[in-house]
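[1] Here is a sequence with its predicted model. Questions after.
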Amino acid sequence: MKRFLSDEKDIANAFLRACDALGIDHKNALKELGLSRVLLNYPECFVPSHMFNLVIEELARTYHCHDFALHIAQNLTVPHLGLTAKIASFSLDLRSALNHADNYSLYYQDSGCWQHHIADGQVCLYKPTTPYSSHYYPQRNLLGSAQMFMLLGQLTDGLWQPSSISLSFPDPGYRFTDTFSDFFQCELSFQQNRDAIYFSEDYLDYNLSTADLNMQQNLETQIKGLQQSIFEDRDLVDCARMIIDQRLRFSSCSETELAYFMGVSTVELTDNLNAVATSFKPLLQQQQLERARYYTKRFNCPGDLVARAIMPEEPEKLSALLTA
(Lines give C-alpha, C1' and ligand atoms only; values in the text may rest on other atoms or scores of the structure.)
Protein backbone atom coordinates (compact mmCIF):
# COMPACT_ATOMS: atom_id res chain seq x y z
CA MET A 1 0.00 0.00 0.00
CA LYS A 2 1.42 3.36 -1.03
CA ARG A 3 2.16 5.62 1.91
CA PHE A 4 0.34 8.97 1.96
CA LEU A 5 2.66 11.92 1.35
CA SER A 6 1.47 15.13 2.98
CA ASP A 7 2.01 18.51 1.35
CA GLU A 8 4.46 19.49 4.08
CA LYS A 9 6.42 16.24 3.77
CA ASP A 10 6.69 16.67 0.01
CA ILE A 11 8.05 20.22 0.47
CA ALA A 12 10.52 18.99 3.10
CA ASN A 13 11.68 16.21 0.77
CA ALA A 14 12.05 18.70 -2.11
CA PHE A 15 14.10 20.97 0.17
CA LEU A 16 16.41 18.09 1.09
CA ARG A 17 16.82 16.96 -2.53
CA ALA A 18 17.62 20.53 -3.59
CA CYS A 19 20.23 20.79 -0.82
CA ASP A 20 21.83 17.51 -1.88
CA ALA A 21 21.92 18.51 -5.55
CA LEU A 22 23.53 21.85 -4.70
CA GLY A 23 26.00 20.44 -2.19
CA ILE A 24 24.40 22.26 0.76
CA ASP A 25 24.93 20.77 4.21
CA HIS A 26 21.48 21.52 5.63
CA LYS A 27 22.18 19.89 9.00
CA ASN A 28 25.19 22.07 9.61
CA ALA A 29 23.27 25.12 8.39
CA LEU A 30 20.45 24.45 10.87
CA LYS A 31 22.99 23.97 13.65
CA GLU A 32 24.73 27.27 12.86
CA LEU A 33 21.38 29.05 13.01
CA GLY A 34 20.75 27.58 16.44
CA LEU A 35 17.99 25.27 15.21
CA SER A 36 17.62 21.57 15.95
CA ARG A 37 18.67 19.30 13.11
CA VAL A 38 15.59 17.12 13.69
CA LEU A 39 13.08 19.86 12.85
CA LEU A 40 12.68 18.51 9.32
CA ASN A 41 11.51 15.23 10.86
CA TYR A 42 8.32 17.13 11.80
CA PRO A 43 7.40 18.84 8.52
CA GLU A 44 3.71 19.32 9.39
CA CYS A 45 4.80 21.84 12.05
CA PHE A 46 8.07 23.16 10.64
CA VAL A 47 7.38 23.66 6.92
CA PRO A 48 4.38 26.04 7.27
CA SER A 49 6.33 28.33 9.58
CA HIS A 50 8.43 31.48 9.57
CA MET A 51 11.38 29.40 10.75
CA PHE A 52 11.39 27.34 7.55
CA ASN A 53 11.06 30.58 5.56
CA LEU A 54 14.12 31.93 7.38
CA VAL A 55 16.13 28.75 6.72
CA ILE A 56 15.48 29.03 2.97
CA GLU A 57 16.61 32.65 2.92
CA GLU A 58 19.71 32.01 5.02
CA LEU A 59 20.83 29.07 2.86
CA ALA A 60 20.30 31.06 -0.34
CA ARG A 61 22.34 33.93 1.09
CA THR A 62 25.11 31.82 2.64
CA TYR A 63 25.62 29.66 -0.43
CA HIS A 64 25.00 32.49 -2.95
CA CYS A 65 22.22 30.42 -4.48
CA HIS A 66 19.70 33.04 -5.56
CA ASP A 67 17.63 30.46 -7.45
CA PHE A 68 17.39 28.10 -4.46
CA ALA A 69 13.57 28.31 -4.42
CA LEU A 70 13.41 27.15 -8.05
CA HIS A 71 15.47 24.07 -7.19
CA ILE A 72 13.01 23.27 -4.40
CA ALA A 73 10.04 23.77 -6.74
CA GLN A 74 11.56 21.48 -9.37
CA ASN A 75 11.81 18.69 -6.79
CA LEU A 76 8.15 18.81 -5.73
CA THR A 77 5.86 16.01 -6.86
CA VAL A 78 3.05 18.60 -7.28
CA PRO A 79 2.68 22.28 -6.34
CA HIS A 80 1.34 23.01 -2.85
CA LEU A 81 -0.45 26.31 -2.22
CA GLY A 82 -2.98 25.24 0.40
CA LEU A 83 -6.73 24.66 0.48
CA THR A 84 -7.43 27.54 -1.89
CA ALA A 85 -5.50 25.96 -4.76
CA LYS A 86 -7.09 22.57 -4.08
CA ILE A 87 -10.59 24.02 -4.28
CA ALA A 88 -9.65 25.78 -7.51
CA SER A 89 -8.25 22.59 -9.06
CA PHE A 90 -11.64 20.83 -8.83
CA SER A 91 -13.39 23.48 -10.96
CA LEU A 92 -14.76 22.79 -14.42
CA ASP A 93 -12.54 25.33 -16.18
CA LEU A 94 -9.76 27.79 -15.45
CA ARG A 95 -12.14 30.75 -15.27
CA SER A 96 -14.18 29.07 -12.56
CA ALA A 97 -10.98 27.99 -10.81
CA LEU A 98 -9.70 31.56 -10.47
CA ASN A 99 -13.11 32.84 -9.36
CA HIS A 100 -13.33 30.17 -6.66
CA ALA A 101 -9.79 30.91 -5.55
CA ASP A 102 -10.57 34.62 -5.16
CA ASN A 103 -13.35 33.70 -2.71
CA TYR A 104 -10.91 31.89 -0.42
CA SER A 105 -7.64 33.74 -0.97
CA LEU A 106 -7.07 34.12 2.79
CA TYR A 107 -6.03 30.46 2.92
CA TYR A 108 -3.25 30.48 0.35
CA GLN A 109 -0.03 29.04 1.73
CA ASP A 110 2.20 31.65 0.18
CA SER A 111 3.90 34.91 1.07
CA GLY A 112 0.88 36.75 -0.38
CA CYS A 113 -2.72 35.98 -1.30
CA TRP A 114 -3.28 35.61 -5.05
CA GLN A 115 -6.04 37.57 -6.80
CA HIS A 116 -6.82 38.16 -10.47
CA HIS A 117 -8.34 40.65 -12.88
CA ILE A 118 -8.88 40.70 -16.65
CA ALA A 119 -8.17 43.59 -19.00
CA ASP A 120 -7.57 43.88 -22.76
CA GLY A 121 -7.68 40.12 -23.29
CA GLN A 122 -5.00 39.45 -20.64
CA VAL A 123 -5.42 37.82 -17.25
CA CYS A 124 -3.29 39.26 -14.46
CA LEU A 125 -2.90 36.81 -11.58
CA TYR A 126 -1.05 38.63 -8.83
CA LYS A 127 -0.23 38.78 -5.15
CA PRO A 128 0.21 42.16 -3.42
CA THR A 129 3.80 43.02 -2.61
CA THR A 130 4.98 43.80 0.90
CA PRO A 131 8.48 44.37 2.32
CA TYR A 132 8.10 40.97 3.97
CA SER A 133 7.84 39.18 0.63
CA SER A 134 9.96 41.34 -1.68
CA HIS A 135 12.81 42.39 0.63
CA TYR A 136 13.06 40.01 3.58
CA TYR A 137 11.80 36.74 2.06
CA PRO A 138 12.33 36.80 -1.71
CA GLN A 139 13.09 33.06 -1.82
CA ARG A 140 9.86 32.12 -0.05
CA ASN A 141 8.06 34.55 -2.32
CA LEU A 142 9.70 32.98 -5.38
CA LEU A 143 8.80 29.46 -4.23
CA GLY A 144 5.14 30.48 -4.12
CA SER A 145 5.24 32.11 -7.54
CA ALA A 146 7.02 29.08 -9.01
CA GLN A 147 4.33 26.80 -7.60
CA MET A 148 1.51 28.93 -9.03
CA PHE A 149 3.26 28.80 -12.40
CA MET A 150 3.49 25.01 -12.10
CA LEU A 151 -0.12 24.68 -10.94
CA LEU A 152 -1.50 26.54 -13.97
CA GLY A 153 0.45 24.26 -16.27
CA GLN A 154 -0.68 21.17 -14.38
CA LEU A 155 -4.37 22.17 -14.45
CA THR A 156 -4.26 22.62 -18.24
CA ASP A 157 -2.24 19.48 -18.96
CA GLY A 158 0.77 21.55 -19.97
CA LEU A 159 -1.05 23.58 -22.63
CA TRP A 160 -1.05 26.86 -20.70
CA GLN A 161 1.71 29.35 -21.42
CA PRO A 162 2.29 32.71 -19.72
CA SER A 163 2.76 35.93 -21.66
CA SER A 164 5.07 37.40 -19.03
CA ILE A 165 5.90 37.28 -15.33
CA SER A 166 6.67 40.13 -12.96
CA LEU A 167 8.73 39.63 -9.81
CA SER A 168 8.98 42.15 -6.98
CA PHE A 169 12.61 41.53 -6.05
CA PRO A 170 15.74 42.63 -7.95
CA ASP A 171 17.23 40.67 -10.82
CA PRO A 172 19.77 38.32 -9.20
CA GLY A 173 22.05 38.73 -12.22
CA TYR A 174 24.88 36.51 -13.46
CA ARG A 175 23.88 32.96 -14.35
CA PHE A 176 20.77 33.16 -12.16
CA THR A 177 18.93 35.29 -14.71
CA ASP A 178 19.32 32.40 -17.17
CA THR A 179 18.06 29.93 -14.56
CA PHE A 180 14.95 32.03 -14.03
CA SER A 181 14.37 32.30 -17.78
CA ASP A 182 14.82 28.54 -18.26
CA PHE A 183 12.28 27.82 -15.52
CA PHE A 184 9.54 30.25 -16.51
CA GLN A 185 10.10 30.24 -20.30
CA CYS A 186 8.66 33.72 -20.85
CA GLU A 187 9.46 37.42 -20.57
CA LEU A 188 10.53 38.34 -17.02
CA SER A 189 10.48 41.71 -15.28
CA PHE A 190 12.19 42.22 -11.92
CA GLN A 191 11.73 44.74 -9.11
CA GLN A 192 8.10 45.38 -10.03
CA ASN A 193 5.40 46.71 -7.71
CA ARG A 194 3.82 43.25 -7.43
CA ASP A 195 4.44 39.61 -8.27
CA ALA A 196 2.21 38.70 -11.20
CA ILE A 197 1.64 36.12 -13.91
CA TYR A 198 0.10 37.39 -17.16
CA PHE A 199 -1.56 35.16 -19.74
CA SER A 200 -4.15 35.23 -22.51
CA GLU A 201 -7.82 35.28 -21.57
CA ASP A 202 -8.31 32.47 -24.10
CA TYR A 203 -7.01 29.96 -21.53
CA LEU A 204 -9.87 30.69 -19.12
CA ASP A 205 -12.33 28.45 -20.96
CA TYR A 206 -10.00 25.45 -20.93
CA ASN A 207 -11.72 22.45 -19.29
CA LEU A 208 -9.75 21.02 -16.38
CA SER A 209 -9.04 17.30 -16.30
CA THR A 210 -8.95 17.54 -12.49
CA ALA A 211 -12.58 18.74 -12.29
CA ASP A 212 -14.57 17.14 -9.47
CA LEU A 213 -17.53 19.20 -8.28
CA ASN A 214 -18.38 16.83 -5.42
CA MET A 215 -14.87 17.07 -4.03
CA GLN A 216 -14.94 20.83 -4.51
CA GLN A 217 -18.20 21.08 -2.59
CA ASN A 218 -16.77 19.01 0.27
CA LEU A 219 -13.71 21.23 0.50
CA GLU A 220 -15.82 24.38 0.34
CA THR A 221 -17.91 23.06 3.23
CA GLN A 222 -14.70 22.59 5.25
CA ILE A 223 -13.37 26.02 4.47
CA LYS A 224 -16.71 27.71 5.17
CA GLY A 225 -16.66 26.02 8.56
CA LEU A 226 -13.22 27.49 9.12
CA GLN A 227 -14.52 30.91 8.12
CA GLN A 228 -17.39 30.59 10.57
CA SER A 229 -14.91 29.89 13.36
CA ILE A 230 -13.13 33.13 12.42
CA PHE A 231 -16.09 35.45 11.98
CA GLU A 232 -19.16 34.06 13.72
CA ASP A 233 -20.15 35.71 17.03
CA ARG A 234 -16.93 37.72 17.16
CA ASP A 235 -16.52 41.45 17.46
CA LEU A 236 -14.40 43.57 15.13
CA VAL A 237 -11.18 43.21 17.10
CA ASP A 238 -11.51 39.45 17.49
CA CYS A 239 -12.19 39.04 13.77
CA ALA A 240 -9.12 41.15 12.97
CA ARG A 241 -6.98 39.06 15.32
CA MET A 242 -8.20 35.80 13.79
CA ILE A 243 -7.46 36.97 10.24
CA ILE A 244 -4.00 38.22 11.22
CA ASP A 245 -3.30 34.93 12.96
CA GLN A 246 -4.40 32.98 9.89
CA ARG A 247 -1.86 34.86 7.75
CA LEU A 248 0.81 34.54 10.46
CA ARG A 249 0.55 30.78 10.21
CA PHE A 250 2.61 31.15 7.09
CA SER A 251 3.61 34.69 6.29
CA SER A 252 2.77 38.19 7.48
CA CYS A 253 -0.24 40.48 7.25
CA SER A 254 -0.43 44.09 6.11
CA GLU A 255 -3.13 46.59 6.98
CA THR A 256 -4.23 46.58 3.33
CA GLU A 257 -4.61 42.79 3.38
CA LEU A 258 -6.59 42.87 6.62
CA ALA A 259 -8.95 45.49 5.18
CA TYR A 260 -9.40 43.38 2.03
CA PHE A 261 -10.28 40.24 3.99
CA MET A 262 -12.69 42.19 6.20
CA GLY A 263 -14.42 43.65 3.15
CA VAL A 264 -13.70 47.31 3.87
CA SER A 265 -11.30 49.97 2.67
CA THR A 266 -8.11 50.71 4.59
CA VAL A 267 -9.58 54.04 5.71
CA GLU A 268 -12.75 52.33 6.95
CA LEU A 269 -10.70 49.74 8.80
CA THR A 270 -8.65 52.45 10.50
CA ASP A 271 -11.80 54.34 11.50
CA ASN A 272 -13.50 51.18 12.77
CA LEU A 273 -10.49 50.21 14.90
CA ASN A 274 -10.13 53.76 16.21
CA ALA A 275 -13.78 53.62 17.28
CA VAL A 276 -12.91 50.76 19.66
CA ALA A 277 -9.72 52.43 20.89
CA THR A 278 -7.16 50.38 19.00
CA SER A 279 -5.30 50.30 15.68
CA PHE A 280 -3.74 47.81 13.29
CA LYS A 281 -0.14 47.92 14.52
CA PRO A 282 -0.73 46.84 18.15
CA LEU A 283 -3.07 44.09 16.98
CA LEU A 284 -0.42 42.80 14.60
CA GLN A 285 2.32 42.96 17.23
CA GLN A 286 0.19 41.09 19.74
CA GLN A 287 -0.37 38.23 17.29
CA GLN A 288 3.31 38.26 16.28
CA LEU A 289 4.28 37.95 19.94
CA GLU A 290 1.95 34.98 20.39
CA ARG A 291 3.43 33.34 17.30
CA ALA A 292 6.95 33.99 18.59
CA ARG A 293 6.14 32.38 21.92
CA TYR A 294 4.78 29.35 20.10
CA TYR A 295 8.00 28.94 18.07
CA THR A 296 10.31 29.32 21.06
CA LYS A 297 8.33 26.68 22.94
CA ARG A 298 7.43 24.27 20.12
CA PHE A 299 10.73 24.38 18.22
CA ASN A 300 13.00 25.39 21.09
CA CYS A 301 14.30 28.25 18.92
CA PRO A 302 16.49 31.11 20.15
CA GLY A 303 14.36 34.19 20.82
CA ASP A 304 16.47 36.53 18.70
CA LEU A 305 16.19 34.17 15.72
CA VAL A 306 12.43 33.89 16.14
CA ALA A 307 12.17 37.69 16.32
CA ARG A 308 14.18 38.03 13.11
CA ALA A 309 11.95 35.49 11.37
CA ILE A 310 8.62 37.01 12.36
CA MET A 311 9.41 40.74 12.54
CA PRO A 312 12.47 41.18 10.28
CA GLU A 313 11.95 44.93 10.05
CA GLU A 314 12.17 45.38 13.86
CA PRO A 315 13.60 42.18 15.39
CA GLU A 316 14.96 43.96 18.48
CA LYS A 317 11.47 45.14 19.37
CA LEU A 318 9.94 41.66 19.22
CA SER A 319 12.95 40.18 21.03
CA ALA A 320 12.46 42.67 23.85
CA LEU A 321 8.76 41.78 24.09
CA LEU A 322 9.68 38.10 24.26
CA THR A 323 12.02 38.60 27.20
CA ALA A 324 9.84 41.12 29.05
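    Cool, got the structure. Residues are numbered from 1 along each chain as shown.
[2] Let me see the ranges of the strands in the stretch 51-200 of the chain.
    In the stretch 51-200 of the chain, the strands defined using DSSP state E, counting those that start in this stretch lie at 115-119, 122-128, 164-166, 187-189, 194-200.
[3] what does the stretch 201-324 of the chain give?
    According to DSSP E, counting those that start in this stretch, the stretch 201-324 of the chain contains no strands.
[4] Any idea what the closest residue to Ser163 other than its chain neighbours is bridged to?
    Nearest in space to Ser163, with sequence neighbours left out and distances taken as C-beta to C-beta, 6 or more residues apart in numbering, is Tyr198 at 4.6 Å. Where C-beta positions appear, they are placed from N, C-alpha and C, glycine not excepted. Going by DSSP bridges, Tyr198 is paired in beta bridges with Cys124, Ser164.
[5] how much space between Tyr198 and Pro172?
    21 Å (C-beta to C-beta, to the nearest Å).
[6] Asn13 too?
    Counting by C-beta to C-beta - Asn13 and Pro172 are separated by 25 Å.
[7] Give me the residue ranges of the stretch 1-150 of the chain where confidence is low.
    Within the stretch 1-150 of the chain, the segments meeting pLDDT under 70 span 1-4.
[8] can you map out the helices along it?
    Applying DSSP state H, counting those that start in this stretch to the stretch 1-150 of the chain gives helices spanning 7-22, 26-33, 43-46, 50-62, 68-74, 83-89, 94-103, 131, 138-155.
[9] Now render the ones you listed as a markdown table, adding distance to Ala307 and mean neighbour count.
    Putting those into a markdown table (distance: least, C-beta to C-beta, whole Å; neighbours: other C-beta atoms under 10 Å) gives the following:
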| stretch | distance to Ala307 | mean neighbour count |
| --- | --- | --- |
| helix 7-22 | 23 | 18 |
| helix 26-33 | 13 | 15 |
| helix 43-46 | 18 | 17 |
| helix 50-62 | 10 | 21 |
| helix 68-74 | 23 | 22 |
| helix 83-89 | 29 | 22 |
| helix 94-103 | 33 | 19 |
| helix 131 | 16 | 13 |
| helix 138-155 | 17 | 23 |
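[10] Could you pull up the contacting residues of Gln217?
    By C-beta atoms under 8 Å, 6 or more residues apart in numbering, the contact list for Gln217 is empty.
[11] Check it and give its pLDDT.
    Note for Gln217: predicted pLDDT of 94.
[12] got it, and the one 4 residues further on?
    For Thr221, the model assigns a pLDDT of 91.
[13] For it, give its distance to Ser229.
    Noted for Thr221: a distance of 13 Å to Ser229, by C-beta to C-beta.
[14] and if you look at Phe190?
    Relative to Ser229, and taking C-beta to C-beta, Phe190 is found at 40 Å.
[15] ditto for Thr84
    17 Å.
[16] Same question for Thr266.
    25 Å.
[17] Just want to know which of those two has more residues nearby.
    Set Thr266 next to Ser229 and count neighbours by other C-beta atoms under 10 Å: Thr266 wins out with 15 against 11.
[18] you'd agree that one is up against Glu255?
    Yes. Using C-beta atoms under 8 Å, Thr266 is in contact with Glu255, at 5.9 Å.
[19] quick revisit: who are the contact partners of the residue nearest to Ser163?
    Counting by C-beta under 8 Å, 6+ apart, Tyr198 has contacts 122-125, 162-166.
[20] Please indicate which of those residues are buried?
    Buried by 16 or more other C-beta atoms under 10 Å: 123-125, 162, 165-166, out of the contacts of Tyr198.
[21] if we take those, which one ends up nearest to His116?
    Leu125 (4.5 Å; C-beta to C-beta).
[22] Touching, Ala18 and Tyr63? I think so.
    No. The pair Ala18 and Tyr63 does not pass the contact test of C-beta under 8 Å, sitting 10.9 Å apart.
[23] on that earlier part again, make CSV from the helices of the stretch 1-150 of the chain and add distance to Met262 to it.
    Output for the helices of the stretch 1-150 of the chain, formatted as CSV (distance: least, C-beta to C-beta, whole Å):
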stretch, distance to Met262
helix 7-22, 28
helix 26-33, 36
helix 43-46, 28
helix 50-62, 23
helix 68-74, 31
helix 83-89, 18
helix 94-103, 15
helix 131, 22
helix 138-155, 23
